[in-house]
Every structure is written in C-alpha cells, then in structure tokens.
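Colleague: fold the following, please.
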Amino acid sequence: MRTNRWLPSCALVLIAGIGAGAFGSPLTAGAAKQPSTTTATTAAPSVALRWKRCGSGLQCATLSVPLDYSRPNGPAIKLALNRRRAGSGKPVASLLVNPGGPGGSGLELVANASAQFPKKLLRRFDIVGWDPRGTGESAPVRCARNLDPVFHLDYSPDNAAEVAKLADTTKTLVGSCNTRSGTVLPHVSSLNTAQDMDRIRAALGEEKLTYLGYSYGTFLGALYANLFPSRVRALVLDGAIDPALSVEQVVIEQAQGLEKALALFFAHCKSDKSCAFYNGGDPAAAFDALAAKVDRSPIRGIGRRKLGPGEFDLGVTTPLYEGVDGWDALAPALAAAQDGDGSELMRFSDAYTGRHSDGTYDNSQPAFWAIGCIDSPNPQGTLAFEAAAARAAAVAPHFGASTMNLGIPCAFWPYPAVIQPGPIHAPGAPPILVVGTLDDPITPVAWAKALASELQSGHLLLTEGEGHSAFGRLNSCVDNHVIDYLTTLKLPPEGLVCK
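Modeller: Modelled structure (predicted):
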C-alpha cells in the first residue's frame with residue numbers, strides 16, 4: 001500500500017499529492033546507510049534559486065543536483081520546486097514539505113496548501129514543495145503508457161493461470177520501465193533524495209532544515225536526520241513508518257490496519273439503517289458476496305471499462321484512508337456495485353492509481369515502483385511472492401494477498417535494493433516530533449511509537465482518530481502543538497494524547 005497522506009483528498013476532494021499508490025507495501029523501510037560519497041560534514045553547494053511566478057500566488061524554480069552522488073561532477077538532473085510565501089511579516093523559516101508515497105508530488109501539495117494546512121502555519125512559514133527525483137517534474141520515471149491491464153489484474157489469484165498472468169504482465173511492465181527510464185532507475189533511492197533535501201536547504205539559504213513529512217515522507221525525514229543531524233532545525237514526521245520492519249512485516253501490519261478499518265465501517269453500517277450498504281444489518285456478508293461476484297466476473301465500470309478485482313480492492317481502500325470521513329463515500333459506491341454499477345469504485349481506483357479520464361496515467365505509479373523496489377529488499381520471484389501473500393492472507397483475509405502482490409514488480413526489478421531494514425537513530429540531532437493516530441489504517445500507531453523510540457531525540461505526539469495521519473485535519477490540539485514546535489521548537493507535553 002502506498003503511504004500517502006493526501007491520497008484520500010485525491011479521491012474525494014482534489015488532486016493534492018501522490019495521486020496514486022499501489023495497493024501494496026510502501027517498500028521503503030530501511031536503516032540509513034551512510035553513503036560512501038558524502039558525509040554529514042560535507043557542505044552542500046550554495047546555489048541561489050531563481051524563482052519565477054507560476055500562477056495562484058506561487059513561485060517556481062529548478063535545482064540541478066547530481067544524478068549519481070558518487071560522481072558529483074557527472075550527469076545532473078533538475079528538481080522541480082515551488083513556494084508559497086508566508087502570509088504576513090518575516091517568515092520563521094522555509095518549511096520543506098513532502099506528502100508521502102513514494103511518488104507523491106510536493107508541488108501539488110503546496111499548490112493546495114490553503115486547503116491542506118492551518119492558516120496559522122501559512123502565515124508564519126514559506127511553504128516549499130518539490131517533486132523528489134523520479135517523481136512528477138523531477139526526472140520522472142516512465143513505464144508502460146497504458147497501465148489499465150496492470151490494475152485490472154487479480155491480485156488475489158485463485159489458480160495457476162491467474163498466477164501466471166500476474167507474473168507475465170508484471171515482467172512486461174518492469175521491462176517497459178527499464179526501457180524507458182533505465183538511466184534514472186538506479187539513482188532514485190530515498191538515500192539520494194535525502195541528499196537532495198540538503199541541496200534544497202542550502203539553495204533556500206537556510207542554515208538548518210525545517211521539514212514536515214507525511215507517511216513515506218517520515219522515512220525521508222528520518223534519513224535526513226541520520227545523514228545530517230547538525231543541519232536539523234525541526235522535523236515533524238506524521239503518520240510514521242518504522243524503518244526497522246521488513247517489507248513483509250510492513251505489508252502484514254498495513255493489511256491488518258485495513259482489516260480493522262473495514263470492520264469499523266461494517267459496524268457503522270450494521271448499526272445505522274440509513275447506511276446505503278446496510279443490507280439487512282449484515283454488510284460484512286454482503287461485502288464478501290460482492291467481492292466474490294467481481295472476482296468471478298467483472299462488472300460495469302466507467303464507459304466501456306469493467307471493474308475487476310484489482311480495481312475493486314483499490315476502490316474500497318481509497319475511502320478507508322479517511323476513516324469515518326470516508327464511510328459516506330464508500331457505502332453508496334458499494335451499494336451501486338451491488339446493482340451492477342462499479343463506476344464510483346472505479347473512480348476511487350483511478351484516483352489512487354493516477355489515471356486520467358483520457359486513459360493516460362500520471363507518473364506516480366512508476367515512481368512508486370522505482371523508489372520502493374530500490375529502497376528495500378523484497379521477495380524475489382513468483383514463488384516467493386506467492387508464499388508471502390499466503391502468509392499475509394492468513395492474518396488479513398480481505399487485504400493481505402492483494403496488498404502483498406501489488407508490490408510484485410519488485411520481484412523482477414533489475415536493480416538491487418540499497419537499504420536494509422533497521423532502526424534509524426540519528427544521533428546528535430535535536431528533538432524530532434513524531435505524530436501518530438491511534439487507529440491509522442495505513443501507518444499503524446505502533447510504527448510511530450517505534451520510530452519515536454528508535455530516534456535518539458524522538459518525541460511522540462498521539463491523537464485519537466481513524467484516518468491516515470493527523471496534522472491539518474482540523475484537530476486543534478494536534479495543529480497547535482505542531483505549529484508551536486515548528487515555530488518555537490517547544491515540544492508537546494510528554495505522553496500527550498489529543499482527543
């Protein structure tokens with residue numbers, strides 16, 4: 001499952017981030033290995049950014065960085081950045097933001113900052129976004145032009161023929177990625193992106209980094225702190241990933257979180273006759289029957305397209321990201337699918353995968369595969385993924401197999417992983433604020449607790465709730481404490497749980 005704070009907004013409100021995610025592991029857990037070509041004492045070049053107006057009160061710029069940090073004077077790529085200036089007075093600092101993913105667009109997050117961030121934050125900080133390497137407008141990874149066949153697959157295969165089709169289609173997909181983007185693929189790791197972040201910091205004229213990262217963006221923040229502890233001013237890591245976990249552990253725990261979110265939705269519908277998916281008080285049985293029906297024979301989607309089991313899983317997951325706020329969207333979509341109309345579930349799926357109405361896809365899915373596969377070791381080959389999917393399904397029957405199998409491109413990826421799972425300590429860094437939501441279905445609260453304890457200077461802020469991540473969700477307790485920390489470096493009280 002892609003871990004992206006802004007995915008539900010893509011589906012339900014606006015395009016504001018990853019636009020995408022594969023319904024599989026974030027594939028990004030890993031211990032921060034110090035790159036042999038750079039150290040925390042190596043000064044990033046000071047290059048002034050040339051900002052230009054780019055509409056809606058934003059400024060845009062590009063920054064040239066090495067494609068390969070082991071060859072700093074070799075080929076370069078350009079990172080795309082944008083900035084929303086502070087609303088009043090002199091800004092406290094430039095706040096670099098990342099929406100998650102991997103594959104999420106920081107440019108889109110900043111473009112929608114007025115809808116995503118509290119006004120108090122917007123008044124005090126220049127909000128700066130960027131598309132990480134391989135993503136969006138920054139040396140984007142490209143794969144097959146038509147990804148419809150990929151997401152129409154059955155990611156919970158029931159027989160040898162479905163397993164073979166999943167493997168064959170995936171191998172073709174991976175070949176297309178290497179053909180179109182082989183120059184970039186070896187260099188899109190999160191370690192390289194963390195070094196890019198230091199180049200951005202220097203280009204902004206900031207002595208130290210002030211950063212807000214959601215979901216996968218918490219991994220980038222932790223890597224940065226480990227590489228450059230003396231250059232950290234303040235980091236907020238919201239909806240945290242635990243880098244000590246293996247890919248399989250991440251998948252299983254994420255799938256279990258989704259199972260819990262689905263059970264909460266069923267309980268809500270069962271207790272409320274006005275729920276569009278009430279089904280005589282047994283929505284769980286109705287859901288299982290509907291899923292089996294779609295698995296046997298895809299139903300009508302949008303236009304001439306059919307909603308298959310892959311799109312069904314993604315279409316259900318998207319509103320589950322939002323917790324309670326997503327139930328009113330999920331229930332009628334499921335009810336319509338019962339009546340043979342899968343168009344609304346398909347719209348959710350399309351928002352998840354970055355599919356446009358004309359059939360083209362944005363870059364978020366290819367970026368997700370490329371970054372995720374090179375960031376952490378994955379099962380190799382079809383048999384290994386089958387076994388891992390079976391283990392996941394045993395503890396998460398609705399989501400386990402599909403969650404694991406949507407990461408199957410990594411089984412055939414042509415470049416080895418560069419990061420191994422392990423705790424990140426970031427010794428010497430100043431206090432880092434880690435935020436967790438008690439019933440987060442995508443990044444379980446246990447991950448936030450683990451990251452806060454693994455970081456030498458981690459400090460944990462928890463909040464009640466069911467959605468994915470916390471800051472900017474109209475919870476004044478969370479918002480005020482995060483903004484106070486970013487502004488004054490004052491931490492919330494130890495052990496605080498916001499209501």
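
Colleague: part of a helix, is residue 60?
Modeller: No: assignment of residue 60 by DSSP: H, G, I helix; E, B strand; the rest coil gives strand, placing it outside any helix.

Colleague: check the gap between it and residue 178 for me.
Modeller: To residue 178, residue 60 is 31 Å away according to C-beta to C-beta, to the nearest Å. Bear in mind the C-beta positions are built from the backbone N, C-alpha and C, glycine included.

Colleague: so for the two, which sits in the more crowded spot?
Modeller: Legend: neighbour count by other C-beta atoms under 10 Å for residue 60 and residue 178, higher for residue 60 (19 against 15).

Colleague: against residue 110, how distant is the nearest residue to the more buried one once chain neighbours are set aside?
Modeller: Leaving aside its sequence neighbours, residue 60 sits nearest to residue 54 (C-beta to C-beta, 6 or more residues apart in numbering; 3.8 Å). Distance, residue 54 to residue 110, using C-beta to C-beta: 11 Å.

Colleague: find residues that contact each of those two.
Modeller: Both residue 54 and residue 110 are contacted by residue 82, under the criterion C-beta atoms under 8 Å, 6 or more residues apart in numbering.

Colleague: residue contacts, residue 139?
Modeller: Contacts of residue 139 (C-beta under 8 Å, 6+ apart): 67, 77, 78, 133, 184.

Colleague: hang on, I meant residue 483
Modeller: Contacts for residue 483 (C-beta under 8 Å, 6+ apart) come out as 118, 120, 121, 124.

Colleague: contacting residues for the first one?
Modeller: Going back to what we said before, that points to residue 118. Each residue near residue 118 by C-beta under 8 Å, 6+ apart is listed here: 472, 479, 483.

Colleague: same list (those) but as a markdown table, adding distance to residue 405 and secondary structure.
Modeller: Output for the contacts of residue 118, formatted as a markdown table (distance: C-beta to C-beta, whole Å; DSSP: H, G, I helix; E, B strand; the rest coil):
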| residue | distance to residue 405 | secondary structure |
| --- | --- | --- |
| 472 | 32 | coil |
| 479 | 38 | helix |
| 483 | 40 | helix |
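
Colleague: nearest to residue 355 among those residues?
Modeller: Closest approach to residue 355 among the contacts of residue 118 (C-beta to C-beta): residue 472, at 25.9 Å.

Colleague: residue 114 is in contact with that closest one, correct?
Modeller: No: the criterion here is C-beta atoms under 8 Å, and residue 472 misses it with residue 114 at 11.1 Å.

Colleague: out of these two, which sits in the busier spot?
Modeller: Comparing residue 472 with residue 114 by other C-beta under 10 Å, the one with more neighbours is residue 472, at 20 against 14.

Colleague: do a quick rundown of the strands in the protein.
Modeller: Taking DSSP state E as the criterion, the chain carries its strands at 3-4, 52-53, 58-66, 76-84, 93-98, 100-101, 125-130, 209-214, 232-238, 299-300, 306-307, 432-437, 458-463, 497-498.

Colleague: how about the ones you listed, which one is nearest residue 314?
Modeller: Within these, the stretch nearest residue 314 is strand 306-307; the backing value is 10.0 Å (C-beta to C-beta).

Colleague: which elements pack onto that closest one?
Modeller: strand 299-300, helix 343-353 (3 or more C-beta pairs under 8 Å, 6 or more residues apart in numbering; DSSP states H and E).

Colleague: please enumerate residues in contact with it?
Modeller: Taking C-beta under 8 Å, 6+ apart as the rule, strand 306-307 contacts 152, 294, 298-301, 315, 337, 342-343, 345-346, 349.

Colleague: tell me where the model's unsure across the chain.
Modeller: 1-42 (pLDDT under 70).

Colleague: in it, which helix has the most residues?
Modeller: helix 247-270 (DSSP state H).

Colleague: for that helix, buried residues please.
Modeller: Residues of helix 247-270 classed as buried by neighbour count (16 or more other C-beta atoms under 10 Å): 247-248, 250-262, 264-266, 268-270.

Colleague: nearest to residue 454 among the contacts of residue 139?
Modeller: Checking the contacts of residue 139 against residue 454 by C-beta to C-beta gives residue 133 as the nearest, at 25.8 Å.

Colleague: need the contact list for that closest one.
Modeller: Residue 133 is in contact with 65, 77, 79, 139, 184, 187, 188, 192, 193, 196, counting by C-beta under 8 Å, 6+ apart.

Colleague: surely the fifth one and residue 132 touch.
Modeller: The reference is to residue 184. No: the criterion here is C-beta under 8 Å, and residue 184 misses it with residue 132 at 11.9 Å.

Colleague: okay, stretch 49-64 in PDB with CA atoms only?
Modeller: The C-alpha trace of stretch 49-64 is given here as PDB (Å, rounded to 0.1, in the frame of the first residue of the first chain):
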ATOM      1  CA  LEU A  49      17.300  29.600  -6.700                       C
ATOM      2  CA  ARG A  50      15.800  31.700  -9.500                       C
ATOM      3  CA  TRP A  51      12.200  31.900  -8.500                       C
ATOM      4  CA  LYS A  52       9.500  32.800 -11.100                       C
ATOM      5  CA  ARG A  53       5.800  33.400 -10.700                       C
ATOM      6  CA  CYS A  54       3.800  30.300 -11.800                       C
ATOM      7  CA  GLY A  55       0.200  31.200 -11.000                       C
ATOM      8  CA  SER A  56      -2.100  31.300  -8.000                       C
ATOM      9  CA  GLY A  57       0.400  33.200  -5.900                       C
ATOM     10  CA  LEU A  58       3.100  30.600  -6.200                       C
ATOM     11  CA  GLN A  59       6.800  30.800  -7.300                       C
ATOM     12  CA  CYS A  60       8.600  28.000  -9.100                       C
ATOM     13  CA  ALA A  61      12.300  27.100  -9.600                       C
ATOM     14  CA  THR A  62      14.500  24.300 -10.600                       C
ATOM     15  CA  LEU A  63      17.700  23.000  -8.800                       C
ATOM     16  CA  SER A  64      20.400  21.000 -10.500                       C
END
